[in-house]
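> Okay, sequence plus prediction incoming.
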There are 4 protein chains.
Amino acid sequence: MRENCGVVAIASHNNVAENIYIALMALQHRGQEAAGMAIYNGGKINNYKGLGLVDEAFKGINISNIKGNIGIGHVYYSIKISSPENAQPTLLHTSAGDIAIAHNGIITNSKQLMEELMESGHTFFYGNEEEVVIYLLADFLKFKSFEKAVKLLMKKLAGSYSFTFMLNNRVFGLRDALGIKPLCIGKIKDGYIIASESVAIDALGGELVRDVMPGELIEIFPDGYKSYKLMEEKYKAHCFFEYVYFARADSIIHNKEVYKVREKLGEILAREHPVDADYVIPIPDSGRAHAYGFSKASGIPLAEGLMKNRYIARTFILPTQKLREKLVQLKLNPVKSIVNGNRIVLVDDSIVRGTTIKKIINLLKTHGAKEVHVRIGSPPIIAPCYFGIDMTTRDQLIASNRSIEEVRKKINADSLAYISIDGLVEAIGIDKKNLCLGCVTGEYPVKIEGEKLRFQERLGIKWI
Amino acid sequence: MRENCGVVAIASHNNVAENIYIALMALQHRGQEAAGMAIYNGGKINNYKGLGLVDEAFKGINISNIKGNIGIGHVYYSIKISSPENAQPTLLHTSAGDIAIAHNGIITNSKQLMEELMESGHTFFYGNEEEVVIYLLADFLKFKSFEKAVKLLMKKLAGSYSFTFMLNNRVFGLRDALGIKPLCIGKIKDGYIIASESVAIDALGGELVRDVMPGELIEIFPDGYKSYKLMEEKYKAHCFFEYVYFARADSIIHNKEVYKVREKLGEILAREHPVDADYVIPIPDSGRAHAYGFSKASGIPLAEGLMKNRYIARTFILPTQKLREKLVQLKLNPVKSIVNGNRIVLVDDSIVRGTTIKKIINLLKTHGAKEVHVRIGSPPIIAPCYFGIDMTTRDQLIASNRSIEEVRKKINADSLAYISIDGLVEAIGIDKKNLCLGCVTGEYPVKIEGEKLRFQERLGIKWI
Amino acid sequence: MRENCGVVAIASHNNVAENIYIALMALQHRGQEAAGMAIYNGGKINNYKGLGLVDEAFKGINISNIKGNIGIGHVYYSIKISSPENAQPTLLHTSAGDIAIAHNGIITNSKQLMEELMESGHTFFYGNEEEVVIYLLADFLKFKSFEKAVKLLMKKLAGSYSFTFMLNNRVFGLRDALGIKPLCIGKIKDGYIIASESVAIDALGGELVRDVMPGELIEIFPDGYKSYKLMEEKYKAHCFFEYVYFARADSIIHNKEVYKVREKLGEILAREHPVDADYVIPIPDSGRAHAYGFSKASGIPLAEGLMKNRYIARTFILPTQKLREKLVQLKLNPVKSIVNGNRIVLVDDSIVRGTTIKKIINLLKTHGAKEVHVRIGSPPIIAPCYFGIDMTTRDQLIASNRSIEEVRKKINADSLAYISIDGLVEAIGIDKKNLCLGCVTGEYPVKIEGEKLRFQERLGIKWI
Amino acid sequence: MRENCGVVAIASHNNVAENIYIALMALQHRGQEAAGMAIYNGGKINNYKGLGLVDEAFKGINISNIKGNIGIGHVYYSIKISSPENAQPTLLHTSAGDIAIAHNGIITNSKQLMEELMESGHTFFYGNEEEVVIYLLADFLKFKSFEKAVKLLMKKLAGSYSFTFMLNNRVFGLRDALGIKPLCIGKIKDGYIIASESVAIDALGGELVRDVMPGELIEIFPDGYKSYKLMEEKYKAHCFFEYVYFARADSIIHNKEVYKVREKLGEILAREHPVDADYVIPIPDSGRAHAYGFSKASGIPLAEGLMKNRYIARTFILPTQKLREKLVQLKLNPVKSIVNGNRIVLVDDSIVRGTTIKKIINLLKTHGAKEVHVRIGSPPIIAPCYFGIDMTTRDQLIASNRSIEEVRKKINADSLAYISIDGLVEAIGIDKKNLCLGCVTGEYPVKIEGEKLRFQERLGIKWI
């Protein structure tokens, strides 16, 4: 239901393919549908892509034999992909040279840009956002210096984007001026890396240098990096959901460790919505850190009351739809001694459609839970996200047109409480004005047809 | 390093293949190398086997189309398997009819039995333990009634065995007289089931009826089951490691829920070996329940200080050995805010070779842990296991010829403590005489060449 | 429709796997469903098998790395096989040691022998003929010397068999006393070979030594071979169809080159059944040598009037049954300038069901052939074969209950003529009494339930 | 060594995918590396491509379920392809709509055109010739009517091209003004077809209507076709090699049946270069029709003296390079009775590098051939081809810098003779000025850097 992607770029004194492979493994939670890497060698960029998890996607390729000191990589999450051609990086041979790009985000005006480009004579292979970006960049590069061209590109693009990309043997990271998706710089043993999350740097035994700033273009070299501050917005729009769910708990984004934010969310939840109960039970694995915080703040003991069958995650190759549905229901099994006869606080990060939590509450009650109190580490999600996923509509969101009490009844909980927006902001520790809260407020940092624009009067790109 | 298998048998009014598939999914943690099922239909037993996890093993087979109301299944764990032929169930066409068998355990005298059978004219395809069992059974069935034949078979076999097996259209479960490996009976919607663990019954929405007793043969029917008490030993020898590590936490074995045993182990550990520290950190996922218990009993807050990269578990298809080694090291990444500057209690279920825990302690110290105190939920493993795994030797076991202080130094912990044997027995709640403690005492319930026999004077099969 | 298999055995001073692979490639025309080889090394026999053509069957195996100087191989033709387990060689571990066997032929009393063996306590994996043979041999070896045991085995077996087999590190060829299927001995660079046809020896650059005699057991060594004449029949029963169709044209069987026999068949056909026509057209590739002979003897020019689409042979992986049927019809396409307005002599080796030839005649007439005269290089097939294929029944044979004139009408030919039995015998050059003519006379050299036995009074095994 | 491709287009009242599949099967001899089809349905063109023979390339696709009445197809021959992305048809989404193209031929100025296009701002995925063609066409379509745009395209392109292509729901065939590669129109049951060779029409049970004329654009509809004569050259340049080797013998090109041309080549060879011998032996299958003609004209009897092992053709999946080399040598095995002690006329279509014929002559002599006289159905190949293959260089051609006598010595033949150019022209029956004889004369119909241009003074496109 929640879409995301992971990107990486490395410039090194040595071959980079193995390190990109390892970095993608560390970012695997951001995309499991496809993976790819583009490596510069011998005067051109070579592209390696495949479907599935990183290990499957590169199965036929001897990664250790790939030559090249400069490269980018991508893990893809989408239900729309069916052919390795659609995986990223996207590579094109342009008048400016070979351009390869890996993208995390959604260009909200890509359809309109594509139409303009086709009118001006461009042809499209797949008609995807990355082709649009490369065509624009190549067109601008015909008349402009590189930084000017990228600036013109950014002026054209709306929406969220954290790119890693290559122009022949140069390699870059670029983050939109609102800073919606994360992107950070690291120093590794024999070079520099740009990645969606700091865990990719950890995986290579490197050091996190800092976040790529909103509106900043970074070029990396084996011995350093160079910054171009191309655009600036008065207010940023960091996605709060990265802290709540997307990012790995051991990542550090804008100097906040994700685990600590989640633990804090649990503590604030316990403070805002206390309850008398026998056990705090996390929904594994998404609610675990929140539950630890809730238990610590409330003094109610923690228990692993729901056991996860980790093998059922791989439901994509199950033989029949019927069997698939049966098995998804078996993902969680209650620990009877914890559940039976007890009052349970059930903690999770968020509720989107409400179908899963409803099934879990039902499961707990069937196994003798006396009471089930639900505590959620994010405010009610009432509106779609246009920057990381483009398919949920309001009527699919359980909290969209319902009061909290109505939601509680629907999921059959004994009590239900969400953290407040202020509690969320406190836990993250970033000024509310610099967070994108679109899905919990319905006000967006980018103009979206039919939606409210936040800070309309104050939006203004400061050109440097 | 630790070998095990899972078995299941179902008799139903309806087709059983889908339910066997689901039950095997629930038992997947007991074996990931291969899976198979044998189903009786149209006068004969058909066998379906494949390599890999359950979903891979049956990938080309439309499970939903398999006809037959009687069947058995198996998940296999071994490093020795390379061809689906070697997967189980093993099916043979004998003078007594078709016999299929699924086995959890090790027949310790199988080599000798095979030699005897070859001398008496039998030929072997694979020379495995299951062929031995079927040949013996078929030979006895020529002259004896079914129960008599099984009794003679049991008299011949030494070691551990929880079998499910079929003789034409009849289906059975059989457990050795020492009750080394678990086996239980359940009632499902339209039939009866026998399985290694109760989670397989849960997965089908059924009810646990009871354990199969040591020395008991159970025949199941769609409407009930029949018990044959064929053998009895004065003392049983239930494997304590099922409680500590092998079984799923939500399984119930001999009326003890595994999760509760593990939590209790953690509590007793905290009582036996208290320590002053900032955080209790479990090694995910094996040490989690123990850590919860330790935290509860000690009052030291719990934290998920080590994040597991779940995708790296699938290391078998990684491209090169070098990359595989690199990636295995990345399975765990520390949460810096929890680790840095703090005193850590690191909790796990057991230490076998000590290489993993040593790496983790090193990882924590590299990331700034002030102290690392290791607490282990089982006594030191000083001797091999002959009933579930036959390859570890004493010199591979870190605790085999070392004092605890020597082990502590070797793994570089600030303190190290194991639970006592009495603490272990208390947590499990089963009389010490009825547990197999071979790997922690070096005394075994079955005669093993070169090892000490426990209760030698008192060993005696009571024939009923 | 026509079943056959190919076998090979090699004893060498060097590794044999590559040479067995090459020999199987040369025998590929005898079986395309599966292939396998068994190689002795390090005290035991290892077995490598797979489905498909030789190159597919061994796809995952590095043939060049297989160690062992002694081995046998097999190519399998059957519609019944679906799992590599059923491929040959069949390998069993018996009280006498490892026995592997590769078989060309049909044991006509295998069902009865299997029942006897099961009564005496044997179990069967697949219940195939090769298991029967190994069980019998292993049983006899318990009490008898090797040659005696093989002699007892031969006494038990009815039907046709050309075996290559191994007993631990010894390797043998064995041919039934009637000599139904071919088998020959060759000398290669660093060893000796036994194979179904001499083309396998050619493929290794070796020299044909001689045929294995009917009833003879041959043991090969790297430096020679040893003969055991175990049985002798007064009359032999060499399959005439090997000369007409089965064997490759460049093979030499009983000192007759198959190509020359086929050319001679064409010449005799032209002499026995002359016709006035414009072109002699072979049905590719089965009728080509016969057509050359017919053209030479008649003076009518030869033309390749039917072009074969060689890619359609591989119909087994075509997407749908409908498409498969459509495509099979496209296997042959007429050359219009040859066919249109001309009188054609269409030559083939045999007619079994008559469906193919009927379609071809229709195709030629549709494309303007004025007359189509069919000439067939074997007598009418009126009865089943029990020694190479066990599934055709009389009502599937177009000539079984029809006069030649009735067959002609059914296939819509302008004239139809078969070679006479005497013409066939003349072309082959072997005494009629020593040929198996079962399928063209209905009299068989072995007792078959419900069929006439040939030379009944004179049948008698001479024990040496 | 010899490169070619096959193309097809169908417009029908019914779904076309199955018929395109069948037509590609009939054209399989023109390309075995990859296959693809593009089908218009539901407002857009869908593309299906894969590596390998037609049956392998479409293995995972249910051809019978593909909807759409308009489509094109392609079989690809090249050593350069390694990914299905590179297979054809090539499909692009342009400002003019979806354009898909299938190409047989070589655009000799594609590099230069690509540079021009990149300078004008175009980007390239693969940088192949088909992208160039589509980009040019899409650019012209912005300002010109369809026929005008195609005419401008043709003006830009140099080299050989027989295209089938689609513009949204319209489907076309286009042949270069020199008519280098063949292309023909057929009527099938419920529509019209354009294909590289008439055998594709035969395969669908259709009727050959006529060749597409050089310089002609044909649009097909379910009920007819429309012709646009866009360009005309004074002299054509039909590739003579299509008659000698490329095309299937049962194809009709420019009203000449290929088989008859080849038979005639053999007859003229016998007349031009008579020899006294015992047997005429064709090299299977390329020399067969020529050998029939030679035998007919000379009266020397024909014999299939070389047996081909058809299974060894599939050498691409053989395990090791060493084994591959060994096996390629086994492709042909002599029939001893034909070869031994006899004088042989060995007939083939052409000699390129001379390595194969040398091996065959050696093989025949090793097996006792008294004399080997080589007769070749084409003149000596002394220069590269730039229109169907771009990789042979002069020094790879055995006849390039050698007299015929030198070639004879090198291949160790007793005599060697090639057909004369006049004999070749006589056999084909097309005016010498309208044939491309580049590879046997070194004079080319298109300007090639560093090569002689034929008819330079008279070259002139007549615009209609």
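Received, thanks.
> Does anything pack onto the longest helix along chain A? Which helices or strands?
If you go by DSSP state H, chain A has its longest helix at helix A:258-272. Applying 3 or more Cβ pairs under 8 Å, 6 or more residues apart in numbering or on different chains; DSSP states H and E, we find helix A:258-272 packed against helix A:288-298, strand A:371-376, helix A:421-428, helix B:336-339. Bear in mind the C-beta positions are built from the backbone N, C-alpha and C, glycine included.
> Of these, flag the one that's most buried.
helix A:288-298 (a mean of 26; mean count of other Cβ atoms under 10 Å in any protein chain shown).
> That one versus helix A:421-428: what angle between them?
100 degrees (axes from the mean of the first three to the mean of the last three Cα atoms, to 10 degrees).
> who's in contact with the following helix or strand past helix A:288-298?
Next helix or strand after helix A:288-298 toward the C-terminus (DSSP states H and E): strand A:306-308. Identification of contacts with strand A:306-308 by Cβ atoms under 8 Å, 6 or more residues apart in numbering or on different chains yields A:281-285, A:331-335, A:360, B:199, B:248-250, B:259.
> wait, which of those residues is closest to A:Gly191?
Lowest distance from A:Gly191 to the contacts of strand A:306-308 (Cβ to Cβ) belongs to A:Asp285, with 32.4 Å.
> How about the contacts made by the closest one?
A:Lys308.
> Quick one: name the residues of chain A near chain D.
Within reach of chain D by Cβ under 8 Å from any Cβ of the partner chain, chain A has these residues: A:85, A:91-95, A:99, A:118-125, A:127, A:134-135, A:138-139, A:142.
> again, 6 Å this time
A:85, A:92-95, A:118, A:121, A:123-125, A:127, A:138-139 (Cβ under 6 Å from any Cβ of the partner chain).
> Looking at these, which gets the smallest pLDDT?
Least confident of the residues of chain A next to chain D in the model: A:Glu85, at 70.
> For burial, what's the neighbour tally of that one?
Residues lying near A:Glu85 (other Cβ atoms under 10 Å in any protein chain shown) number 17.
> quick one: it from B:Ala247, how far?
Going from A:Glu85 to B:Ala247 by Cβ to Cβ, to the nearest Å gives 46 Å.
> Quick check: buried residues in stretch A:156-174?
Across stretch A:156-174, burial judged by 16 or more other Cβ atoms under 10 Å in any protein chain shown covers A:156-167, A:169, A:171-174.
> Can you name the residues in contact with that stretch?
Outside stretch A:156-174, the residues that touch it by Cβ atoms under 6 Å, 6 or more residues apart in numbering or on different chains are A:7, A:9, A:11, A:40, A:45, A:70, A:72, A:97-109, A:136, A:175-176, A:180-181, A:183, A:194, A:212, A:217-220, A:387, A:446.
> Check the burial of A:Tyr77 by counting its neighbours.
20.
> How about the contacts made by the closest residue to it other than its chain neighbours?
Spatial nearest neighbour of A:Tyr77, chain neighbours left out: A:Gly31 (3.6 Å); criterion: Cβ to Cβ, 6 or more residues apart in numbering or on different chains. By Cβ under 6 Å, 6+ apart, the residues touching A:Gly31 are A:Cys5, A:Gly6, A:Val75, A:Tyr76, A:Tyr77.
> give me that answer again for 8 Å
A:Gly31 makes contact with A:Asn4, A:Cys5, A:Gly6, A:His74, A:Val75, A:Tyr76, A:Tyr77, A:Ser78, according to Cβ under 8 Å, 6+ apart.
> Excluding chain neighbours, give the residue nearest to the fifth one in space.
Ranked by Cβ to Cβ, 6+ apart and with sequence neighbours excluded, the top spatial neighbour of A:Val75 is A:Gly31, at 3.6 Å.
> Just the pLDDT at that neighbour, thanks.
89.
> same check, this time on A:Arg170
For A:Arg170, pLDDT reads 97.
> same deal with A:Leu113?
With respect to pLDDT, A:Leu113 has a value of 96.
> Run a quick neighbour tally on it.
Neighbour count of A:Leu113, defined by other Cβ under 10 Å: 19.
> Shouldn't it be within a helix?
Yes - assessed with DSSP: H, G, I helix; E, B strand; the rest coil, A:Leu113 lies in a helix.
> so how far is chain C from it?
40 Å (Cβ to the nearest Cβ, to the nearest Å).
> Find the closest residue to chain D in the stretch 151-300 of chain A.
A:Leu167 (12.6 Å; Cβ to the nearest Cβ).
> Now do the contacts for A:Glu116.
By Cβ under 8 Å, 6+ apart, the contact list for A:Glu116 is empty.
> did I read that right, A:Tyr135 in a helix?
Yes - according to three-state DSSP, A:Tyr135 belongs to a helix.
> Quick check: it vs D:Pro384, distance?
A:Tyr135 is 38 Å from D:Pro384, by Cβ to Cβ.
> Fine by me, thanks again.
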